[in-house]
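Colleague: would you be able to build a 3D model of this:
(one chain, ligands or ions: 1)
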Amino acid sequence: MLVSKDAPERNRQPLVVGTAAELAAAIEERLVAAASSGSGATLGLVPTMGALHSGHESLVATAREHNDVLVVSIFVNELQFNDTADFERYPRTLDADVEILARAGADIVFAPPVHEIYPGGRPLVKLDSGELGSKFEGASRPGHFDGMLAVVAKLLHLAMAPASCPVPVKYRAYFGQKDAQQLVLINRLVKDLNYPVDVCSVPIVRTADGLALSSRNQFLTPEQAEAALVIYRTMDMIKGRAENHEPLFLDDVVELFDREPLVELDYFELVDPDTLVELAFNCRDTPFTGEGLLLVAAQVGNVRLIDNMPLGY
Ligand code: AMP
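Modeller: From the prediction side, this is the model:
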């Protein structure tokens, strides 16, 4: 594990920039300063939509530990919202986010206006998330992953060391395992389009009773949040069976969801962690072996919750 040469200054206000030009200049200046000892420098990017919580903080802490220069972006990307109401009510808390990022030691916060990211309006040339982007979350949220790829492709470019930067740079970008399908697609984006960046994934952060943290959880009533724990309970039950190499009997979870009228199950699937292909052969009535990833989505009121849990690794 690489550790920064100099301990980052905590509780120092990060530089907040809104344009690509300011971002490039700030990144170059800090990389040059970090590399002053003669070696190269490392650069980490954490893309977010803001409304930061401990899940984001865990990504930022990991990226802080690994890199000399740390950029966190905050941009609520309309292109990935298939539901206008969801986009409009999405929490926007920039001042509080910057305070959190100061404590977490971010160097630069990139919080661009829409026209800086999409200067020509909606992109004419689009990325297509293909078959992988049209199942699971993509099936329930058409266009979501194409919109996500559009912004991630741009952010990875914008936060790269500028061509003028005189020092060798190792570039890393950090994403949460919470959005497992997003992570698989970003790995494909980077591979398929030869981005010079290492994609690093960070484990899911949950509440003490198991609910995966999400910026949208604040819209849940206490009763809904309590009912939503069925997601963690059922995944944990299946994980227990996997650890004992028992048949998983995935269908058992349906009855447990049926007992929670506030929670409407969308899917509960076991997939290959790298390709997200369903592992039906390995989950019904044969002892579980190997590796898999449980993927779950459920609707609670007007909040869509997604979660996942690795099995066998
Ligand atoms: P968002 O702001 O929701 O777009 O999320 C920004 C990044 O934080 C994504 O890479 C997410 O996967 C990650 N993230 C969101 N929630 C969590 C969580 N509970 N644990 C870990 N990472 C998370």
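Colleague: close to the ligand: what parts of the stretch 151-300 of the chain are there?
Modeller: Proximity of the stretch 151-300 of the chain to the ligand, by CB under 6 Å from any ligand atom, involves residues 175-176, 178-179, 202, 204-205, 212-215. Any C-beta I mention is one placed from the backbone N, CA and C, and that applies to glycine too.
Colleague: so where's the stretch 201-313 of the chain shaky on pLDDT?
Modeller: Along the stretch 201-313 of the chain, the parts satisfying pLDDT under 70 run over 281-285, 313.
Colleague: go with 80
Modeller: Scanning the stretch 201-313 of the chain for pLDDT under 80 picks out the ranges 280-286, 313.
Colleague: try the stretch 51-200 of the chain
Modeller: Applying pLDDT under 80 to the stretch 51-200 of the chain flags no residue at all.
Colleague: against residue 309, how distant is residue 135?
Modeller: 18 Å (CB to CB, to the nearest Å).
Colleague: same check, this time on residue 150
Modeller: Residue 150 sits 29 Å away from residue 309, taking CB to CB as the criterion.
Colleague: strands of the stretch 101-250 of the chain, residue ranges please.
Modeller: Taking DSSP state E, counting those that start in this stretch to define them, one finds strands in the stretch 101-250 of the chain at 108-110, 169-176, 198-202.
Colleague: got the domain ranges for this structure?
Modeller: As assigned by automatic domain parsing, the chain contains the domains 15-202, 215-311.
Colleague: could you give the number of residues near the residue nearest to residue 234 when sequence neighbours are not counted?
Modeller: Nearest non-adjacent residue to residue 234, counting by CB to CB, 6 or more residues apart in numbering: residue 253, 4.2 Å away. Residues contacting residue 253 under the criterion other CB atoms under 10 Å number 21.
Colleague: could you do residue 122 as well?
Modeller: Neighbours around residue 122, by other CB under 10 Å: 10.
Colleague: show the backbone phi and psi for the nearest residue to it once chain neighbours are set aside.
Modeller: When the adjacent residues along the chain are set aside, residue 122 lies closest to residue 79, with 7.2 Å between them (CB to CB, 6+ apart). Torsion angles at residue 79 (phi, psi; degrees, to the nearest 10) stand at phi -60, psi -20.
Colleague: dump the residue contacts of residue 79.
Modeller: With contact set as CB atoms under 8 Å, 6 or more residues apart in numbering, residue 79 has these partners: 118, 122-123, 143, 146-148, 150-151.
Colleague: OK, contacts around residue 184?
Modeller: Taking CB under 8 Å, 6+ apart as the test, what residue 184 contacts is 132, 274-276.
Colleague: who wins for most neighbours among these?
Modeller: Ranked by neighbour count (other CB under 10 Å), those have residue 276 at the top, with 19 neighbours.
Colleague: look up how far residue 52 lies from that one.
Modeller: 27 Å.
Colleague: and residue 232, by the same measure?
Modeller: 22 Å.
Colleague: more neighbours, these two?
Modeller: residue 52 (25 against 18).
Colleague: more neighbours, residue 135 and residue 309?
Modeller: Shown here are residue 135 and residue 309; by other CB under 10 Å, residue 309 has more neighbours (22 against 18).
Colleague: who does the host helix or strand of the more buried one touch, helix- and strand-wise?
Modeller: In this assignment (DSSP states H and E), residue 309 forms part of strand 303-311. Using 3 or more CB pairs under 8 Å, 6 or more residues apart in numbering; DSSP states H and E, the elements in contact with strand 303-311 are helix 230-243, strand 292-300.
Colleague: so which of those is the most surrounded?
Modeller: Highest mean neighbour count of these: strand 292-300, a mean of 22 (counted as mean count of other CB atoms under 10 Å).
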